[in-house]
Each structure stands twice: as C-alpha cells, then as structure tokens.
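S.K.: structure of the sequence below:
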Amino acid sequence: MKQLILTIEVKCLESIGVKGQFTEVNMVPFTGRAYGTDFSGEVLGQGVDTQKTDLASGECTLSARYMLEGRDSGGNSCRIFIENSLHDEEGWHPKLVTDSPLLAEWERIPLTASVEGAGEGVVVRVYR
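M.R.: Residues are numbered from 1 along each chain as shown. As a prediction, this is how the structure comes out:
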C-alpha cells in the first residue's frame, strides 16, 4: 500500500519555447510549496518543467527539476532536490536528494508520484 510522504502545490509561470524542424520544446518555470508529515517548505527560486514534443509522432516527454527548502520533522533546516522525469504504467518515479539525515532514506527507496491539474498549476503527490 502506498504511503503519501509529500504534497507539492505548483504554481506555473509564463512558459518559453522554441519550435524547430523536428522538435518543439517548452520550458515552464514554476514556484510552489511542499508539505507532509516529515517535511514542509517552499520551492527555492524557480523550478522548471521541460516539455519536448516530437513533431512527427506527437510523442511528448516531460522532465521537472526543482529544489525545495524548508524543515524536516526534527525542525532542522534542509533542502530536497527533486527530478521527476521517469514515467511508466505505475506513474511517475521521482528521484530525490536531500541533506537531511532524517529524510536520507528517500534517496534510496522506490518512490512514485501522481500529477493532477489544479488552478494555475498542478499538485504533485509523492508516495513511498
């Protein structure tokens, strides 16, 4: 059974892009906040979601990268880097890196994530 460990409320900003002969690329910067029982904080600076579309096939690949800054469940200041680019039939498979000893296991356990549209952005839920 999946256990929710982190919810990230993302607010998308104005995208920038380029359409080439074979590929279209859009980069969507974003801000947001994250919370859960073990961490709460904010997106540090801006994250970016890169959307690449093959113009011949219509196939689109997505990759989001961002840094969170906040506090772990021990009240310690920490950061979490998240890369969310692997997707299969089970959903997204984010990779996390953190400087929090309390959250260190998140770096090596399998995680999945769901992404749902919400207002001016999306809500990402990360599960262990």
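
S.K.: distance between the lowest-mean-pLDDT helix or strand in the chain and the chain's centre?
M.R.: The weakest-scoring helix or strand in the chain, judged by mean pLDDT, DSSP states H and E, is strand 87-88 (a mean of 80). Distance, stretch centre to chain centre, for strand 87-88: 14 Å (CA atoms, centre = their mean, to the nearest Å).

S.K.: neighbouring contacts of that strand?
M.R.: Strand 87-88 has contacts (CB atoms under 8 Å, 6 or more residues apart in numbering) with 62, 93. Any C-beta I mention is one placed from the backbone N, CA and C, and that applies to glycine too.

S.K.: please identify the buried residues of the helix or strand hosting residue 17?
M.R.: When elements are defined using DSSP states H and E, residue 17 is found to belong to strand 16-19. Buried residues in strand 16-19, defined by neighbour count with 16 or more other CB atoms under 10 Å: none.

S.K.: pairing partners for it, with directions?
M.R.: strand 23-35 (antiparallel) (DSSP bridges).

S.K.: name every strand pairing with whichever helix or strand comes after the strand it pairs with and say which way it goes.
M.R.: Downstream of strand 23-35, the first helix or strand assigned by DSSP H and E is strand 39-43. In the sheet, strand 39-43 lines up against strand 23-35 (antiparallel), strand 60-72 (antiparallel) (DSSP bridges).
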